[in-house]
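# heads up, no residue letters with this:
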């Protein structure tokens, strides 16, 4: 069974400084990994996804994440934080199941709240 | 159109009311989902429809009744809810790549439900 651990419940950065949101996963088979962002009282927006192609994944709004199988990590980074990046970020995993064959439902991490200070 | 829409945005209902939440997408996705999200928590999967058939029901109480009348629409009928059912209800959709295999999910903005 798969699981996701987001290592920080809250991260605070100054505007213009780098962002690092940490995520570790556990998966029996080849995982698909996602980062979603949720602004207050809004739905979830897909930032980026990893599905066994390139290990460095570029997403929207300048975010990127690197899949490291040896460390079972999928950390989200951005070189320079903007005030509009303040939101809740979810690391999500799905994997290929064999019985029955198909993707497993998404498993969400508990979320990391990103605050950006002016 | 790359959007999932949900109506209403907000809903307040009493414990004896019957109401419905509506979700619509025009991306040609054949899988649609209902999630429940409590404050400061991640979304929890409730139901999955694939090709308009219910494929996953995560042991949701029968006071929640999903319906998928066609490939673009998903409804959630609510009856005799409890105050603890107050939450943000999110709809999502995704492509079906092949039997049981789904692409990434696109989420709607949600319906904020308050049960008095």
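Looks like it came in fine. These numbers were taken from a predicted model, which means no experiment stands behind them. Residues are numbered from 1 along each chain as shown, chains lettered A, B, ... in the order given.
# can you pull the contacts of residue A:88?
Residue A:88 makes contact with A:37-39, A:111-114 under the criterion Cβ atoms under 8 Å, 6 or more residues apart in numbering or on different chains. C-beta: built from backbone N, CA, C; applies to glycine.
# filter those residues down to the buried ones.
Listed as buried from these are A:37-38, A:111-114; burial here means 16 or more other Cβ atoms under 10 Å in any protein chain shown.
# can you tell me how far whatever residue of chain A ends up closest to chain B sits from residue A:50?
For chain A, the residue positioned closest to chain B under Cβ to the nearest Cβ is residue A:102, at a distance of 2.3 Å. Going from residue A:102 to residue A:50 by Cβ to Cβ, to the nearest Å gives 19 Å.
# ditto for residue A:37
On the measure of Cβ to Cβ, residue A:37 and residue A:50 end up 16 Å apart.
# same deal with residue A:44?
Distance, residue A:44 to residue A:50, using Cβ to Cβ: 17 Å.
# neighbour count: the two, which is higher?
A direct count of neighbours by other Cβ atoms under 10 Å in any protein chain shown for residue A:44 and residue A:50 places residue A:44 higher, at 27 against 19.
# surely the more buried one and residue A:34 touch.
No - using Cβ atoms under 8 Å, residue A:44 makes no contact with residue A:34, being 9.6 Å away.
# what do these two both touch?
Shared contacts of residue A:44 and residue A:34, defined by Cβ under 8 Å, 6+ apart, are absent.
# what about the strands in the chain?
As the question left the chain open, I've gone with chain A. Secondary structure of chain A by DSSP state E: the strands cover A:3-6, A:10-14, A:19-21, A:23-26, A:31-38, A:44-50, A:56-58, A:64-68, A:73-78, A:87-98, A:101-103, A:107-108, A:112-117.
# oops, chain B please
Per DSSP E, chain B carries strands over the ranges B:4-7, B:10-13, B:18-25, B:31-37, B:44-50, B:53-57, B:64-70, B:73-79, B:87-94, B:96-98, B:101-102, B:106-107, B:111-115.
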